[in-house]
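Visitor: Turn this into a model:
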Amino acid sequence: MSGAVIGRDCNLGQNCFVASGVQLGDRVKIQNNVSLYAGTVVEDEVFLGPSCVLTNVTNPRAQVDRRSLYEPTLLRRGCSVGANATIVCGVTLGRYSFVGAGAVVSRSVPDYALVVGVPGRVVGYVSRHGHRLHFVGGHATCPESGLRYVDETSGVRCLDLHEDAPLPEHLARGERAHDDWKPGAITERGEGEA
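Guide: The predicted structure is shown next:
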């Protein structure tokens, strides 16, 4: 729709709607059947799963015109929203956070948070590659990328890349399935992962 800002190299699936006033960053991927309404800002490299829902009014009523009262929703760089999840307006999804399929998020979530359930709750943290981070002494390493993370009072952050930096090209292509990276998984080479 006119008035929307869509960044470079975005990929929108079938039956997607982007309303006037929405801002999409670069390299955003939106799967089928997703509608983005006014008040939504989506930063670079965000993934929106099929049929996820983002609302823009907390108390909608057909009889009351609240078009001037749309509540902002901010999806920070690199976050992912699973299929059929609902993001209630007025929240911020932190950088690289991950919302599981079907979750309902009604509160802001921090960077790298893994959110599941109804209502959505933070159950841990994930790396930029979407792997659960297991902190020992406040530090964790992504099994796929080898990037190191720290859990501090200010939140989780990556030690090896600036939070706004894109992944280096050699880390931007997945080579093995998610389950192959789990502890104890047997790889094609017959090796167990640490």
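Visitor: Give me the pLDDT for the most far-flung residue of the chain relative to its centre.
Guide: No residue in the chain sits farther from the centre than residue 63, which is 33.8 Å out by C-alpha atoms, centre = their mean. If you check residue 63, the pLDDT there is 94.
Visitor: and residue 171, what does it touch?
Guide: 129, 145, 147 (C-beta atoms under 8 Å, 6 or more residues apart in numbering). Bear in mind the C-beta positions are built from the backbone N, C-alpha and C, glycine included.
Visitor: I'd like to know how many residues surround the residue lying closest to the first one once chain neighbours are set aside.
Guide: Of all residues not flanking residue 129 in the chain, residue 144 sits nearest, at 4.5 Å (C-beta to C-beta, 6 or more residues apart in numbering). Residue 144: 19 surrounding residues under other C-beta atoms under 10 Å.
Visitor: again, but for residue 138
Guide: Neighbour number of residue 138 under other C-beta under 10 Å is 11.
Visitor: Please name the bridge partners of the nearest residue to it once chain neighbours are set aside.
Guide: Nearest non-adjacent residue to residue 138, counting by C-beta to C-beta, 6+ apart: residue 151, 5.1 Å away. Taking DSSP bridges as the rule, residue 151 bridges to residue 156.
Visitor: okay but residue 102 is in contact with residue 81, surely?
Guide: No: counting by C-beta atoms under 8 Å, residue 102 does not reach residue 81; the two are 10.8 Å apart.
Visitor: Please identify which of these two sits among more neighbours.
Guide: Set side by side, residue 102 and residue 81 show more neighbours around residue 81, with 29 against 16, by other C-beta under 10 Å.
Visitor: mind checking how far that one is from residue 47?
Guide: Distance, residue 81 to residue 47, by C-beta to C-beta, to the nearest Å: 7 Å.
Visitor: how far away is the nearest residue to residue 76 once chain neighbours are set aside from residue 3?
Guide: Spatial nearest neighbour of residue 76, excluding adjacent residues (C-beta to C-beta, 6+ apart): residue 95 at 4.3 Å. Look at residue 95 and residue 3: by C-beta to C-beta, they are 26 Å apart.
Visitor: More neighbours: those two, which one.
Guide: A count of neighbours by other C-beta under 10 Å puts residue 95 above the other of residue 95 and residue 3, at 25 against 10.
Visitor: And what about that one, helix, strand or coil?
Guide: Recorded secondary structure, residue 95: coil (DSSP: H, G, I helix; E, B strand; the rest coil).
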